[in-house]
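K.L.:
Need coordinates for the following:
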Amino acid sequence: MKYTFTIILSAFISFSSSAQSKDWKIVAQTVEELRLAMIDANKTKLEQLTSDSLSYGHSSGRIENKNEFVQSIVNGKSDFVTIDLSEQTISITRNVSVVRHVLTATTNDGGKPATVKLKVLLIFEKEKTQWRLLARQAVKLV
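P.N.:
Model (predicted):
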């Protein structure tokens, strides 16, 4: 009986780890797709990757909903020329993923070239099989 329980428990842990690893890879890929969509100002992709309930917080304190975020990127109010991510961590609990990284970017917001270096927190929610950005908050690195 103990042997059977051990086998079942081991199989469950192995399956859970495999599912977690698969989701981790998908979340990492989703972050990369979001990075590229922001650089390319790809409206369709930005809409696909974000939740209708998006709360997008800028390091300046400005908060945008999904429509405002997408429009800011598409119309050049937030214009990312390059985005590099480093020190990324991803943790997943059920259908929520927390991603943290350092974002270093060159921007051209409103036609004004600049560079930014931010610590960013992203929260993704799994909707059916798709991970969508639910919340984002950035703070300036000091």
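
K.L.:
In what element of secondary structure is the closest residue to Leu141 other than its chain neighbours found?
P.N.:
With sequence-adjacent residues excluded and distances taken as CB to CB, 6 or more residues apart in numbering, Leu141 is closest to Lys117, at 4.7 Å. For glycine as for every other residue, the C-beta is placed from the backbone atoms N, C-alpha and C. Using DSSP states H and E, Lys117 maps to strand 112-127.

K.L.:
hmm, back to that, surely the residue nearest to Leu141 touches Val102?
P.N.:
Yes. Assessed by CB atoms under 8 Å, Lys117 is found in contact with Val102 at 6.9 Å.

K.L.:
picking that back up, now do the residue nearest to Leu141 against Lys140, distance only.
P.N.:
From Lys117 across to Lys140, the span is 7 Å (CB to CB, to the nearest Å).

K.L.:
neighbour count winner among those two?
P.N.:
Shown here are Lys117 and Lys140; by other CB atoms under 10 Å, Lys117 has more neighbours (14 against 10).

K.L.:
can you tell me how far that one sits from Gln71?
P.N.:
For Lys117, the distance to Gln71 equals 25 Å [CB to CB].
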